[in-house]
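Enquirer: Quick one, what's the 3D model for this:
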Amino acid sequence: MAAIDGRTARALRTREAIVDASIELVDEGDLRPTAIRVAERAGVSVRSVFQHFDDVEGLYAAIANRWVDRLDGLRVVVDPALPLDDRIRAVVRNRARLLETISPIRRAAALHAPFSREVSNRLQAAHELLRTEIERVFATELGRHSGPDRVRLLDALDTILSWPSWENLRAHNGRSVEEAEAVVEQMVAAMLS
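Expert: Numbering: from 1, shown residues only. Next up, the predicted model:
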């Protein structure tokens, strides 16, 4: 029995090392790490990578689960009863911290999503979660609109607070985190004024 437990523990450690290696490589800018690079980083054989994950979708799922665990500590619930300016500031600050943290994995996900149901589904689930948070925090302001006007306002807020908008400000426009936050805050305030 001890040998089975030892083998199981070793298998779990190997699996975790493969997931950790994949994430580390992406964090370092390798958006499409090969099995060879993952195995080298994890200190395992390439064969081990394929033994521990039936397919690439399984590896993507394990990486996504690890990211969910990592991001749980970043989540801050903004009180919808706060004054509007305070809510805007808190939402933007929290979203900026989240988007800055996920940028490496989000860049990799953008490359893989068109070819991976797992990645595509995870991105959609995250999008819906973040959109629901916007609806919750700005329910009062959204409630002043109905039908298509409400949907357009929610779409605008969702777009402003999205990772692609953040990536545009940070990577393409070269803005610092603080400068990007100020731009996003200004846009959200303009939409809700």
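
Enquirer: Quick one: residues contacting S48.
Expert: 14, 18, 39, 42 (CB atoms under 8 Å, 6 or more residues apart in numbering). Just so you know, the C-beta spots here come from the backbone N, C-alpha and C atoms, and that holds for glycine as well.

Enquirer: Out of those, grab the one that's most surrounded.
Expert: If you count neighbours using other CB atoms under 10 Å, the busiest of those is I18, which has 26 neighbours.

Enquirer: Show me the domain layout of this structure.
Expert: Domain assignment for the chain by automatic domain parsing gives 2-53, 77-192.

Enquirer: on that earlier part again, inside helices: which ones of the contacts of S48?
Expert: 14, 18, 39, 42 (DSSP state H).

Enquirer: Which element, helix or strand, includes N65?
Expert: Using DSSP states H and E, N65 sits in helix 56-72.

Enquirer: quick revisit: in the ones in helices among the contacts of S48, find the pair that's most separated.
Expert: T14 and A39 (10.2 Å; CB to CB).

Enquirer: In terms of pLDDT, where does M1 sit?
Expert: M1 is assigned 48 on the pLDDT scale.

Enquirer: and if you look at the one 10 residues further on?
Expert: Per-residue confidence at A11 stands at 81 (pLDDT).

Enquirer: how about the helices of this protein, start to end?
Expert: Using DSSP H, helices in the chain cover 2-27, 35-42, 46-52, 56-72, 84-112, 117-137, 139-142, 147-160, 163-167, 177-192.

Enquirer: possible to save those as a markdown table with distance to V78?
Expert: A markdown table is the format used below for those (distance: least, CB to CB, whole Å):
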| stretch | distance to V78 |
| --- | --- |
| helix 2-27 | 27 |
| helix 35-42 | 37 |
| helix 46-52 | 39 |
| helix 56-72 | 16 |
| helix 84-112 | 5 |
| helix 117-137 | 5 |
| helix 139-142 | 11 |
| helix 147-160 | 13 |
| helix 163-167 | 18 |
| helix 177-192 | 12 |
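
Enquirer: follow-up on the earlier one: specify the stretch among the domains of the chain that is closest to D69.
Expert: Nearest of the domains of the chain (CB to CB): domain 2-53, 10.7 Å.

Enquirer: What's the local residue count around the closest residue to N94 other than its chain neighbours?
Expert: With sequence-adjacent residues excluded and distances taken as CB to CB, 6 or more residues apart in numbering, N94 is closest to V76, at 4.7 Å. Using other CB under 10 Å, V76 has 12 other residues around it.
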